[in-house]
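>>> below: sequence and its predicted model.
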Amino acid sequence: MEARPTFLSRLALNASSVVKKLSFEQYGALCYRRTEPLREVEALLITSRDTNRWVIPKGWPMPGKEPHEVAAREAFEEAGVRGKAKKKPLGYFSYLKKLDDGSMALCLVQVHA
């Protein structure tokens with residue numbers, strides 16, 4: 001059985017296209033709620049249309065909108081969730097995005113709770 005390629009091995013294989021296109025920034029929302037009565041935390045994950053993998057709602061920068069506002073809007077548009085996104089980022093992650101022309105680009109996602 002062949003092992004799945006790791007993020008770093010995929011990045012190395014696509015280094016030339018990633019360098020040519022540089023990288024892109026996106027804003028994501030880590031949506032959560034506290035349940036009653038124990039106040040346990042439940043996190044929301046959605047599946048992507050293309051790969052059916054578990055993801056968080058995320059999107060591209062929007063003119064006139066702060067990153068946390070974009071994250072909140074994407075949470076509503078992609079998952080139907082309303083809430084207040086925190087202004088301070090919770091963290092960051094990166095992934096390789098396959099573009100329409102078949103090339104790969106590195107995306108850095110700023111995540112807001």
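Cool, got the structure. Note that the structure is a prediction, hence the values are computed from the model and not measured.
>>> hey, which helix or strand in this structure has the poorest pLDDT?
Every helix and strand of the chain was ranked by mean pLDDT, DSSP states H and E. The lowest is helix 15-21, at a mean of 58.
>>> next SSE after that one?
In the C-terminal direction, the helix or strand that comes right after helix 15-21 (DSSP states H and E) is strand 23-29.
>>> mind listing what's buried along that following strand?
Neighbour-count burial for strand 23-29, with 16 or more other CB atoms under 10 Å as criterion, is recorded at Q26, Y27, G28, A29. Any C-beta I mention is one placed from the backbone N, CA and C, and that applies to glycine too.
>>> chain center to the following helix or strand past it: distance?
The C-terminal neighbour of strand 23-29 among helices and strands, as given by DSSP H and E, is strand 32-34. Its chain's C-alpha centre lies 19 Å from the corresponding centre of strand 32-34 when counted by CA atoms, centre = their mean, to the nearest Å.
>>> so what strands line up beside strand 32-34?
According to DSSP bridges, strand 32-34 has the following sheet partners: strand 41-43 (antiparallel).
>>> what's in contact with the partner strand?
Outside of strand 41-43, the residues within contact range by CB atoms under 8 Å, 6 or more residues apart in numbering are L30, C31, Y32, R33, R34, T35.
>>> could you measure from the first one over to E40?
Yep, that's L30 we're talking about. Here the criterion is CB to CB, to the nearest Å. By it, L30 lies 16 Å from E40.
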